[in-house]
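1. Here's a sequence, model it:
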Amino acid sequence: MQPVPNFPALTARTSISYWFGAFLLGNIAALVAVVAVWRPDNADEPVPMRATTVSAVVMWAVFLLFLRMLTRGLGSGSWRHDYGLAFRAVDIPAGIALGVLGQFVIAPLVNLPLTRLFPDSFDTGEIERRARELSDSATGAWVIALVLIVVVAAPVVEELMYRGLLQQGLSNSLGATKAWLIAAAVFAAVHLQPIEFPGLFAFALLLGWIHRRTGRLGMCIVTHMAFNACGLLLVSLLD
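-> The predicted structure follows:
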């Protein structure tokens with residue numbers, strides 16, 4: 001049974017417009033911020049953690065500003081009501097279990113036939129490369145920043161944007177199933193890594209299914225946190 005929409009005034013056109021505006025301006029602002037704090041000596045120089053941190057904070061600040069403008073303009077002004085930003089006790093154990101399942105079962109199963117069919121393109125090391133580079137860039141106190149960005153902030157902001165905003169708005173106009181598939185595809189695509197798309201799309205389907213079942217973001221966020229934490233721990237242990 002599909003839960004009652006939290007934000008009935010949110011349409012597909014509105015959600016796509018706000019998502020696109022936030023994504024475009026957020027990335028532009030993040031790029032400007034990175035240029036302000038880091039100028040590499042050569043093109044092959046790895047991005048330092050300070051630049052990654054500044055980029056993420058600036059971009060997500062823009063995302064949250066767009067979400068705030070939308071809920072104050074068309075909604076109730078309550079993030080809990082409009083975007084379903086609510087938690088229940090069951091979200092923690094269920095979300096952790098689902099996140100572990102997504103990282104160690106669902107994503108590998110999706111990637112397995114691709115690595116067999118296209119071993120040169122879908123190499124496991126290549127799939128994990130970006131996560132490994134991010135982990136390697138954090139040393140000392142910057143490890144704390146890495147954990148806060150990857151395990152805490154990213155799941156909260158991304159679930160607000162892709163389930164609370166995009167999937168909900170699409171669902172109100174196009175129906176739950178189309179919204180579920182489109183939001184998952186957009187979530188996977190915006191990571192801009194084709195090799196990661198299949199696994200991320202499968203995981204996004206899991207997150208979208210949770211949102212369809214619960215009508216809120218609590219379990220989605222915990223699942224996303226557990227998934228990211230397992231991925232970060234995995235590449236750290238394998239170094």
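
2. Closest to the centroid, which residue in the chain?
-> Glu158 (4.0 Å; CA atoms, centre = their mean).

3. Can you list the low-confidence ranges for the chain?
-> Low-confidence segments of the chain (pLDDT under 70): 1-5, 43, 126-127, 238-239.

4. show me the residues around the residue of the chain positioned farthest from its centre that make contact.
-> Here the chain reaches farthest from its C-alpha mean at Asp41, the gap being 30.8 Å by CA atoms, centre = their mean. By CB atoms under 8 Å, 6 or more residues apart in numbering, no residues touch Asp41. No exception for glycine: its C-beta is placed from N, CA and C like everyone else's.

5. Could you give the backbone dihedrals for it?
-> phi -80, psi -30 (degrees, to the nearest 10).

6. That one and Pro48: what is the separation?
-> Distance of Asp41 to Pro48, given as CB to CB, to the nearest Å: 12 Å.

7. how near is the residue farthest from the centre of the chain to Gly140?
-> From Asp41 to Gly140 the distance is 21 Å (CB to CB).

8. can you check Leu67 too?
-> The value you get for Leu67 to Gly140, if CB to CB is used, is 33 Å.

9. Look at the two and report which has more neighbours.
-> Using other CB atoms under 10 Å, the more surrounded residue of Leu67 and Gly140 is Leu67, with 23 against 8.

10. Relative to Leu31, how far out is the more buried one?
-> Look at Leu67 and Leu31: by CB to CB, they are 21 Å apart.

11. likewise Trp19?
-> 19 Å.

12. Of these two, which one has the most company?
-> Trp19 (23 against 13).

13. how many other residues sit next to Ala141?
-> When neighbours are defined as other CB under 10 Å, Ala141 has 8 of them.

14. show me what contacts it?
-> Per CB under 8 Å, 6+ apart, neighbours of Ala141: none.

15. Same question for Gly99.
-> Contact analysis of Gly99 by CB under 8 Å, 6+ apart lists Val222, Thr223, His224, Met225, Ala226, Phe227, Asn228, Ala229, Cys230.

16. The last one: neighbour count?
-> Going back to what we said before, that points to Cys230. Using other CB under 10 Å, Cys230 has 18 neighbouring residues.

17. and what of the fifth one?
-> Using other CB under 10 Å as the criterion, Ala226 is surrounded by 22 other residues.

18. Using just helix, strand and coil, how would you label it?
-> Secondary structure, DSSP: H, G, I helix; E, B strand; the rest coil: Ala226 is helix.

19. Distance of it relative to Gly164?
-> Separation of Ala226 from Gly164 (CB to CB): 19 Å.

20. cool, and the third one?
-> Distance of His224 to Gly164, given as CB to CB: 12 Å.

21. How about the fourth one?
-> Note on Met225: its distance to Gly164, by CB to CB, is 16 Å.

22. In contact with the residue nearest to the centre of the chain, which residues are there?
-> Residues in contact with Glu158 (CB under 8 Å, 6+ apart) are Phe187, His224.

23. which SSE is it in?
-> Counting by DSSP states H and E, the element that carries Glu158 is helix 154-159.

24. Buried residues of the helix or strand just after that helix, list them for me.
-> Using DSSP H and E, the helix or strand that follows helix 154-159 in sequence is helix 168-174. Going by neighbour count (16 or more other CB atoms under 10 Å), the buried part of helix 168-174 is Gln168, Gly169, Leu170, Ser171, Asn172.

25. wait, which of those is closest to Ala107?
-> Leu170 (23.7 Å; CB to CB).

26. Once you drop chain neighbours, what's closest to that closest one?
-> In space, Leu170 comes closest to Ala179 once its chain neighbours are excluded; the distance is 3.5 Å by CB to CB, 6 or more residues apart in numbering.

27. dump the residue contacts of that neighbour.
-> Applying CB under 8 Å, 6+ apart to Ala179 gives the contacts Ala12, Leu166, Gln167, Gln168, Gly169, Leu170, Ser171, Gly208.
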